[in-house]
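In: sequence and predicted structure, then a few things I'm wondering about:
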Amino acid sequence: MANIVREYPNAPAHLLAGPHELVPPRVLHPAFYGSYDWHSSVHMHWLLVRLLRLPWDGDEDGQRRAAVVRALDAQLTPEALAAEAAYLRAHPTFERPYGWAWLLALTGESTALTADESTALVADESTALIAERRTGREPEQREVAAARRWRAALEPAAEAVAELVLDWLPKATYPVRHGTHANSAFALGLLLDSAERADAQRLVGPVEAKIREWYVPDHAAATRWEPSGQDFLSPLLCEADAVRRVLPQHEFAAWLARFLPELDRATGPEFLPPPHVSDPADPQLGHLLGLCLSRAVALRGIAAALPPGDPRAATLTTAAEANLAAGLPATTSGDFTTEHWLATFATLALGSPVTR
């Protein structure tokens, strides 16, 4: 809640057309001016909505949840989001594709809360663990009603994103494979996961086709290529995590053997060990802490997509646990350069992936 209204420090991605555009961040982005940069602000809003769909423990739950609703009500207003939608349309390459995907995810998460789908948040082996911790606390009607307001207010911006994606994909001849915001595979996977709930089903076919075009022919990748110096995403794992969304289980298992043959020979401790982070407070080097968490998400997703009994699943799961353990402490480091964004990936890594 503090992050989404913290305007400075701020790293704007706005291309200045003249001195008249030298204005405070909230003038250009009345909803998403906080959390250091636009995309982080969007996905920290997503995080707050997601937390309303998870069980909370403690005597002060009601007050805290009410505070979250008030914070989101103040930010996700029709007027503010109409301005964000207009900005996206006027700047068609702004935050492409990472910020676009998170805006659609935020819209989809608001829809999910309105549908009271809080029992369908987790995947694979995490389901039982979360179920054990449940307190029976479902979203209150005031939260569901608030989510309906947010969903309606987000509609123009989500529609703008859908149109921008459909205009971009035919022109995108090659994927971006590095491990930062422009990574194509991560965004396409997130767009797929969010499209139906965000009422953007028309994206599913084109996005799936682009994933097949770009990534299914790939083969003989090697983990020694990673990480790059400021990655917070793994290009190899993002690609595999995108492909598992579009291929049937046995086809995906065969593709993964071609794409990442060393996985057949690897063991958990030696497969993609957590990176060394020399200076967590450095905004770019600190990305590697996020790499640990995003790896954990992708590794779990890939493992779950394999056929039952596939021995590679154990290797992937062990690697996911090691990376999660390495990255999780930084989520509450007290350093804004990490705290403005890491909690989102920690939430994903702890067992609540965005799923269709």
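Out: Perfect, thanks for sending it.
In: which residues does Arg258 contact?
Out: Counting by CB atoms under 8 Å, 6 or more residues apart in numbering, Arg258 makes contact with 219-220. For the C-beta atoms, the positions are set from N, CA and C on the backbone; glycine is no exception.
In: tell me where the model's unsure across the stretch 251-356 of the chain.
Out: 268, 352-356 (pLDDT under 70).
In: repeat the analysis, applying 80 as the threshold.
Out: Applying pLDDT under 80 to the stretch 251-356 of the chain flags the ranges 267-269, 351-356.
In: and the stretch 101-250 of the chain, by the same measure?
Out: 116-139.
In: which parts of the stretch 201-350 of the chain are helices?
Out: Under the criterion DSSP state H, counting those that start in this stretch, the stretch 201-350 of the chain contains helices at 204-215, 235-243, 249-259, 287-305, 312-327, 336-339, 342-349.
In: any buried residues in the last one, and which?
Out: Neighbour counts using 16 or more other CB atoms under 10 Å place 342-349 of helix 342-349 among the buried residues.
In: can you redo those residues as a markdown table with distance to Val5?
Out: Below are the buried residues of helix 342-349 laid out as a markdown table (distance: CB to CB, whole Å):
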| residue | distance to Val5 |
| --- | --- |
| Leu342 | 18 |
| Ala343 | 15 |
| Thr344 | 17 |
| Phe345 | 21 |
| Ala346 | 21 |
| Thr347 | 20 |
| Leu348 | 23 |
| Ala349 | 25 |
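In: still on that earlier bit, Thr267: which of the helices of the stretch 201-350 of the chain is closest?
Out: helix 312-327 (6.1 Å; CB to CB).
In: what packs against that closest one?
Out: In terms of contacts (3 or more CB pairs under 8 Å, 6 or more residues apart in numbering; DSSP states H and E), helix 312-327 is packed against helix 287-305, helix 342-349.
In: tell me what angle it forms with helix 287-305.
Out: Orientation of helix 312-327 against helix 287-305 (axes from the mean of the first three to the mean of the last three CA atoms, to 10 degrees) gives an angle of 160 degrees.
In: chain center to helix 312-327, what's the gap?
Out: Distance of helix 312-327 from the chain centroid (CA atoms, centre = their mean, to the nearest Å) equals 19 Å.
In: how about that helix: buried residues?
Out: Those would be 312-313, 315-320, 322-324, 326-327, for helix 312-327 by 16+ other CB under 10 Å.
In: alpha carbons of it, in CSV - could you do that?
Out: Extracted C-alpha coordinates of helix 312-327, given in CSV (Å, rounded to 0.1, in the frame of the first residue of the first chain):
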residue,chain,number,x,y,z
ARG,A,312,12.9,-34.4,-14.7
ALA,A,313,10.1,-33.1,-12.5
ALA,A,314,12.1,-33.8,-9.3
THR,A,315,15.1,-32.0,-10.7
LEU,A,316,13.0,-29.0,-11.6
THR,A,317,11.3,-28.9,-8.2
THR,A,318,14.5,-29.1,-6.3
ALA,A,319,15.9,-26.2,-8.3
ALA,A,320,12.8,-24.2,-7.6
GLU,A,321,13.1,-24.7,-3.9
ALA,A,322,16.7,-23.7,-3.9
ASN,A,323,16.0,-20.5,-5.9
LEU,A,324,13.0,-19.6,-3.7
ALA,A,325,15.0,-20.0,-0.5
ALA,A,326,17.7,-17.7,-2.0
GLY,A,327,15.4,-15.0,-3.2
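In: understood, closing this out.
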